[in-house]
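A.B. asks: Pasted the sequence and its predicted model underneath.
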Amino acid sequence: MVTVRRRRNGLYEARLQREGRRFSVYGRSEREVRRKLAELERQLALDQPPPPGRLTLRELGERWYETERQRWKPRTASDYRTLLDRVVYPELGDVRVARLTPDRLQRFFDAIPGRKASQTYRLLHRLFAVAVRWRLVAENPCDRIVPPAYRAPRVELPDAAALSRLFTHCLTSPDDYAPLVGLALLTGLRLGEITALRWDDVDLAAGHLVVRRAGQWLRGEWVETEPKTAAGRRVIPLGDLARRLLARQRAVVARRKLAAGPAWCELGLVFPATDGRPLRSDRVSAALRRLCRAAGVPRLHFHALRHAAASLALLSGTPLTEVSSFLGHSTPAITSSIYAHALRNGRVTAVLEQALVGEGG
């Protein structure tokens, strides 16, 4: 049982009773004290686990999260934290695991809209698999329901002529983000890969770049990891147009560094923000919308540039295995499943340059 009250000295107090013991936390506002209370409940779930018959899903979830998260990628840990706090706990957090019947779980998943249902299902299935291993439950209740179905919408790309207009515009536009978008069309790099790219990874003389890492902003912190798959660590050849874009980008970086002065943070990034730090995805998205509008091309999301590079290469006759290696997919089967609509039956870099300048150039 939890009670929250305001004391005479103005402080708020929250009291929690657990297994015959009483705990208190204090704060200057009710919001602060409830935050401290949530942290206390997490700690109690870890340090003082109740008997299996009284174990709630929140208590199990916190034990699982704190024990297992060191084995996850940062993005996975962040996504799981959000799903637990915003989706699972509000509906099921106080339910005892022993009373969590398949029909209740089924109704819970059926009420979650869109892709979030399948994401939550995978989280809870993983959680209960560990609980079975820990012998806290006899079986995984998620095995007794119909899993939520979700099919990602197919990415609809502009035709080759429109993509060519966008790329040609990037070659000539004074927009500081034009080299980034142009290089993404030529290389199919993921957003995290291109924003974490450093000049040490680029060899213009030899004509290639190396994908060694991916980066992302998570809860206000820049986090870098290995590429998404083992195959994601790869060497990408650079044609004449890619070298031209990168040479322009050196000038952009030099200008930004001069303008920032002492505020510049030198990280050696190829595509830094105006202060040298890593770019945020919203800045890139806004720039892509601006460039599409200027080129007279329908609005695109950044990942569509990767789809465009892959589809153009496949439609131009590049073998599936070469495109798969170029994109950093773990197997050609993944490439085939994503780009089946573009498959036909070639060299990726040369093909892309020809496709992007040949249609509208």
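C.D. replies: The structure has been received and is ready for your questions.

A.B. asks: From now on I want contacts and neighbour counts done on CA atoms only, so please keep to that.
C.D. replies: Will do.

A.B. asks: Show me the shaky parts of the stretch 251-361 of the chain.
C.D. replies: Scanning the stretch 251-361 of the chain with the threshold set as pLDDT under 70 gives 314-320, 323, 326, 329-355, 358-361.

A.B. asks: and the gap between residue 105 and residue 94?
C.D. replies: Spatial separation of residue 105 from residue 94 under the definition C-alpha to C-alpha, to the nearest Å is 14 Å.

A.B. asks: the more surrounded of the two?
C.D. replies: It is residue 105, of residue 105 and residue 94, that has more neighbours when counted by other C-alpha atoms under 10 Å, with 18 against 13.

A.B. asks: Residue 210: what's it in contact with?
C.D. replies: 201-202, 233-236 (C-alpha atoms under 8 Å, 6 or more residues apart in numbering).

A.B. asks: Specify the local secondary structure of it.
C.D. replies: When classified by DSSP: H, G, I helix; E, B strand; the rest coil, residue 210 comes out as strand.

A.B. asks: My read is that residue 26 contacts residue 12, right?
C.D. replies: Yes: counting by C-alpha atoms under 8 Å, residue 26 touches residue 12, with 5.5 Å between them.

A.B. asks: intersection of neighbour lists for these two?
C.D. replies: Going by C-alpha under 8 Å, 6+ apart, residues that sit against residue 26 and also against residue 12 are residue 33.

A.B. asks: In the contacts of residue 210, find the pair that's most separated.
C.D. replies: 202 and 233 (13.8 Å; C-alpha to C-alpha).

A.B. asks: Report pLDDT for residue 53.
C.D. replies: As summarised for this prediction, residue 53 has a pLDDT of 70.

A.B. asks: residues near it, how many?
C.D. replies: Neighbours of residue 53 under the rule other C-alpha under 10 Å: 12.

A.B. asks: pretty sure it contacts residue 95?
C.D. replies: No: at 11.2 Å, residue 53 and residue 95 do not qualify as touching, with contact defined as C-alpha under 8 Å.

A.B. asks: burial of the closest residue in space to residue 260 that isn't next to it in sequence, as a residue count?
C.D. replies: Ranked by C-alpha to C-alpha, 6 or more residues apart in numbering and with sequence neighbours excluded, the top spatial neighbour of residue 260 is residue 275, at 5.9 Å. Counted with other C-alpha under 10 Å, the neighbours of residue 275 add up to 19.

A.B. asks: what about residue 299, helix or strand, and which?
C.D. replies: When elements are defined using DSSP states H and E, residue 299 is found to belong to no helix and no strand.

A.B. asks: let me redo that: residue 4
C.D. replies: Going by DSSP H and E, residue 4 is part of strand 2-6.

A.B. asks: Show me what counts as buried in the helix or strand just after that strand.
C.D. replies: Downstream of strand 2-6, the next assigned helix or strand under DSSP H and E is strand 12-18. Using 16 or more other C-alpha atoms under 10 Å as the burial criterion, the residues of strand 12-18 that qualify are 12-16.

A.B. asks: which outside residues touch strand 12-18?
C.D. replies: Residues external to strand 12-18 that are found in contact with it (C-alpha under 8 Å, 6+ apart): 1-7, 22-30, 33-34, 37.

A.B. asks: Buried members of the residues you listed into ChimeraX, please.
C.D. replies: The following ChimeraX line selects those of the contacts of strand 12-18 that are buried, judged by 16+ other C-alpha under 10 Å:
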select :4,24,25,26,27,30,33,34,37
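
A.B. asks: Quick one: residues in contact with the strand or helix carrying residue 65.
C.D. replies: Following DSSP H and E, the helix or strand that holds residue 65 is helix 57-68. The contact list for helix 57-68, computed with C-alpha under 8 Å, 6+ apart, reads 41-42, 45-46, 49, 84, 89, 92-97, 127, 130-131.

A.B. asks: And the furthest pair within these?
C.D. replies: 41 and 130 (20.7 Å).

A.B. asks: where exactly do the helices run in the stretch 51-200 of the chain?
C.D. replies: Assigned helices in the stretch 51-200 of the chain, in chain order: 57-68, 74-83, 89-92, 102-110, 115-133, 160-172, 178-187, 191-195 (criterion: DSSP state H, counting those that start in this stretch).

A.B. asks: quick one: residue 237 from residue 308, how far?
C.D. replies: Remark: distance between residue 237 and residue 308 (C-alpha to C-alpha) = 18 Å.

A.B. asks: brain fart, residue 181
C.D. replies: The spacing between residue 181 and residue 308, counted by C-alpha to C-alpha, is 12 Å.

A.B. asks: Tell me, how many residues neighbour residue 104?
C.D. replies: Residue 104: 13 neighbours (other C-alpha under 10 Å).

A.B. asks: just residue 21 next, same as before
C.D. replies: Around residue 21 there are 7 other residues, counting by other C-alpha under 10 Å.

A.B. asks: who's it bridged to?
C.D. replies: The partner list for residue 21 in beta bridges (DSSP bridges) reads residue 18.

A.B. asks: how much space between it and residue 149?
C.D. replies: The value you get for residue 21 to residue 149, if C-alpha to C-alpha is used, is 44 Å.

A.B. asks: Kindly report the same for residue 288.
C.D. replies: 32 Å.

A.B. asks: Show me what the strand holding residue 4 is packed up against.
C.D. replies: Packing partners of strand 2-6 (3 or more C-alpha pairs under 8 Å, 6 or more residues apart in numbering; DSSP states H and E): strand 12-18.
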